[in-house]
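**Q** Pasting a predicted model and its sequence here:
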Amino acid sequence: MPDSAHTLAHLAARVAELESERELTLRLAQTDSLTGLVNRGAFTSALCERLEAARQAGERVALFVVDLDRFKHLNDTLGHHAGDLFLAEIGERLRRDALPGELVARLGGDEFAVISNCPEPAHRAQRLLELLTQPHSIYGRQVSPGASIGVAVYPDDAPDGGDLQRFADMALYRVKTQGGRRWSAFDADLRAENTRRRTLESELRRAIPAGEIEPWFQPVVDARDGRITGVEVLARWRHPEQGLLSPATFVPMAEELGLIGRIDEAVFEAGCACAAPWVEAGLIEAVAFNVSPRDLLDPAFSRKLIGRLGKTKLPATALTVEITETFLLQDLALSRRHIERLNAKGVRIALDDFGTGYSNLRALMHLPIQTVKLDRSLICDVAKDGRVAKLVASVLHAARALDIRIVAEGVEEEAQAIFLRHAGCDRMQGYFFARPMPAADMEAALAASQVETPHLFEAQPARRRARA
Ligand code: C2E
Ligand code: CA
Ligand code: CA
């Protein structure tokens with residue numbers, strides 16, 4: 001072979017090699033390694049292509065989103081390897097059962113999707129459920145976690161892939177939260193809910209710059225004498241038509257929309273402006289703010305907060321930042337960095353909602369936390385259930401040994417308050433003392449507390465009176 005021909009042949013072979021390599025890389029990038037199914041990224045683009053083809057052909061496309069029930073339990077009890085084996089089996093079942101033209105994907109975790117042009121989505125959903133609930137043997141044990149399915153149909157329900165996915169998810173969420181039938185299709189009720197949500201979403205975007213998010217204040221009292229020592233700042237949305245809205249209606253939505261950081265900022269600024277003078281006048285010592293776990297994922301969170309604090313009149317030593325344990329345990333190294341940076345300025349860190357999650361005490365105790373807030377669910381039974389009482393008493397005992405301050409939340413009854421005081425709790429907060437209130441009412445309550453003592457503590461000489 002002449003030299004030039006040889007070089008050309010070599011080049012051609014190399015190009016072919018590169019092309020197949022590129023194809024392989026591309027295929028790998030589109031495949032979920034555990035199940036061999038299409039992954040989330042490839043699923044989204046495939047859905048758009050299929051809808052475009054269906055639009056041109058005047059056909060319908062059904063999207064099924066599948067979520068396994070109790071999968072976490074299986075993972076926790078039999079281990080991650082067993083969990084992986086089970087997911088691979090589910091993937092295999094879906095692939096084997098796929099009708100001609102169907103696309104099966106794993107969206108992540110224990111969530112799968114099927115894009116189908118079957119004419120009867122209800123029958124198909126039923127069939128998928130039967131398939132997924134058949135037991136499977138892992139390490140000689142029969143497992144059948146069960147599944148839930150949400151369905152939405154193009155173009156009847158949604159005009160594009162984004163909405164189709166959201167609507168199928170809404171239907172799935174309804175199945176998950178309502179019990180009963182294990183599959184559900186997007187319908188008029190969900191459409192109405194979607195419209196309500198969409199309206200509320202755009203109103204929330206406008207509400208923040210319009211100043212409709214305002215800080216309310218709930219007193220925190222000294223457990224020994226009932227004196228108000230601090231406040232927790234809680235967000236409220238003064239909606240122009242719907243009136244006052246509680247965080248449950250807008251905080252989860254704000255987290256989803258990426259707006260929670262701006263809400264927390266607005267509450268912080270306005271809350272500091274109200275409460276700093278109370279601290280300055282010696283009426284209270286501590287002001288606590290809630291921060292969303294979303295905020296904390298920002299590596300610059302603590303630096304930004306310290307910067308914002310510098311623009312207020314609130315001394316750093318009067319500030320408490322309340323953090324839930326879900327975040328702390330999610331990224332221990334980042335948590336520690338935030339906490340240490342804030343501690344260095346004199347800011348206290350409180351662990352919120354303690355007793356609700358799977359508290360990993362060992363991990364938590366290694367973090368420099370100054371306060372733990374016992375969740376309402378524990379306090380609620382403290383005067384009725386001897387075992388809860390013992391548990392709370394031992395938490396209080398451990399906290400004392402570690403020099404951690406305990407705030408009991410959700411104290412609603414006198415009996416609870418008396419128990420907590422005798423068990424050595426430091427601070428209490430709850431409807432028994434006061435509900436959250438707007439700034440003007442809080443100011444009045446602080447002024448009144450200078451002369452009154454809550455009746456529970458009448459027998460106890462209040463420190464304030466003793467001083468007087
Ligand atoms: P949280 O931090 O656990 O706040 C305590 C919640 O318990 C408040 O509900 C308070 O009104 C309520 N509460 C206090 N005492 C009692 C009681 O004796 N009985 C009962 N049943 N409830 C009591 P709220 O104000 O509705 O806030 C709910 C949650 O929303 C808060 O729970 C917090 O996680 C979140 N949140 C509130 N404000 C903000 C904020 O500015 N930013 C962020 N990211 N989250 C906030
Ligand atoms: Ca809180
Ligand atoms: Ca709490």
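**A** Noted; the coordinates are in hand. Ligands and ions are numbered 1, 2, ... in the order given.
**Q** Wait, a strand at A444?
**A** No. Assessed with DSSP: H, G, I helix; E, B strand; the rest coil, A444 is helix; it does not lie in a strand.
**Q** per-residue pLDDT, it?
**A** Looking at A444, its pLDDT stands at 95.
**Q** and what of the one 5 residues further on?
**A** As summarised for this prediction, S449 has a pLDDT of 82.
**Q** mind checking how far it is from F217?
**A** 13 Å (C-beta to C-beta, to the nearest Å). All C-beta atoms are positioned from the backbone trio N, CA, C, and that covers glycine.
**Q** A276: neighbour count?
**A** 16 (other C-beta atoms under 10 Å).
**Q** for the one 10 residues further on, same thing?
**A** By the measure other C-beta under 10 Å, the count of residues near A286 is 21.
**Q** following the helix or strand hosting N343, which helix or strand comes up?
**A** Using DSSP states H and E, N343 maps to helix 332-344. Counting by DSSP H and E, the element after helix 332-344 in chain order, helix or strand, is strand 348-354.
**Q** which bits of this structure sit near ligand 1?
**A** When proximity is defined as C-beta under 6 Å from any ligand atom, the chain approaches ligand 1 at 218, 234-235, 246-248, 251, 260, 264, 267, 290-292, 322, 352-353, 376, 410-412, 429-431, 436.
**Q** Please flag which of those residues sit within strands.
**A** Among the residues of the chain next to ligand 1, the ones falling in strands (DSSP state E) are 218, 234-235, 290, 322, 352-353.
**Q** of all those residues, which two lie farthest apart?
**A** Pairwise distances across those (C-beta to C-beta) peak at 16.1 Å, for the pair A235 and D353.
**Q** Give the residue from the two that has the larger number of neighbours.
**A** Shown here are A235 and D353; by other C-beta under 10 Å, A235 has more neighbours (25 against 19).
**Q** Next one: the closest residue to that one other than its chain neighbours, what pLDDT does it get?
**A** Closest residue in space to A235, ignoring its immediate chain neighbours: V267 at 4.7 Å, by C-beta to C-beta, 6 or more residues apart in numbering. Looking at V267, its pLDDT stands at 98.
**Q** cool, and V347?
**A** The confidence metric pLDDT takes the value 98 at V347.
**Q** Quickly list what the residue nearest to it when sequence neighbours are not counted is bridged to.
**A** Leaving aside its chain neighbours, V347 sits nearest to L319 (4.8 Å; criterion: C-beta to C-beta, 6+ apart). Per DSSP bridges, the residues bridged to L319 are V287.
**Q** L319: neighbouring residues, count only.
**A** 25.
**Q** ok, now which ones touch it?
**A** Going by C-beta atoms under 8 Å, 6 or more residues apart in numbering, L319 touches 286-289, 309, 347-348.
**Q** cool, and A408?
**A** A408 is in contact with 223, 373-374, 379, 416, 420, 425, 427-430, counting by C-beta under 8 Å, 6+ apart.
**Q** which of those residues tops the neighbour count?
**A** With neighbours taken as other C-beta under 10 Å, the top of the contacts of A408 is L374, carrying 28 neighbours.
**Q** My guess is that residue contacts D352. True?
**A** No. Taking contacts as C-beta atoms under 8 Å, L374 lies outside contact range of D352: 10.1 Å.
**Q** isn't H239 right next to A207, touching?
**A** Yes. Applying C-beta under 8 Å as the test, H239 and A207 come out as touching, 7.3 Å apart.
**Q** higher neighbour count, these two?
**A** Higher neighbour count among H239 and A207: A207, with 22 against 16, using other C-beta under 10 Å.
**Q** follow-up on the earlier one: which of S449 and F217 has more neighbours?
**A** Between S449 and F217, F217 has the larger neighbour count (other C-beta under 10 Å), namely 27 against 20.
**Q** how close does the more buried one sit to R227?
**A** To R227, F217 is 16 Å away according to C-beta to C-beta.
**Q** Ok, R50 next?
**A** Distance from R50 to R227, by C-beta to C-beta: 66 Å.
**Q** Likewise for Q134?
**A** For Q134, the distance to R227 equals 63 Å [C-beta to C-beta].
**Q** do the same with T356
**A** Distance of T356 to R227, computed by C-beta to C-beta: 28 Å.
**Q** what do you get for E49?
**A** For E49, the distance to R227 - C-beta to C-beta - is 67 Å.
**Q** okay, the two: which has more neighbours?
**A** Ranked by neighbour count (other C-beta under 10 Å), E49 and R227 place R227 first, with 19 against 12.
**Q** Show me what the nearest residue to A54 once chain neighbours are set aside bridges to in the sheet.
**A** Counting by C-beta to C-beta, 6+ apart, the nearest residue to A54 once its immediate chain neighbours are dropped is V61, at 4.8 Å. Bridge pairing for V61 (DSSP bridges) gives the partners Y154.
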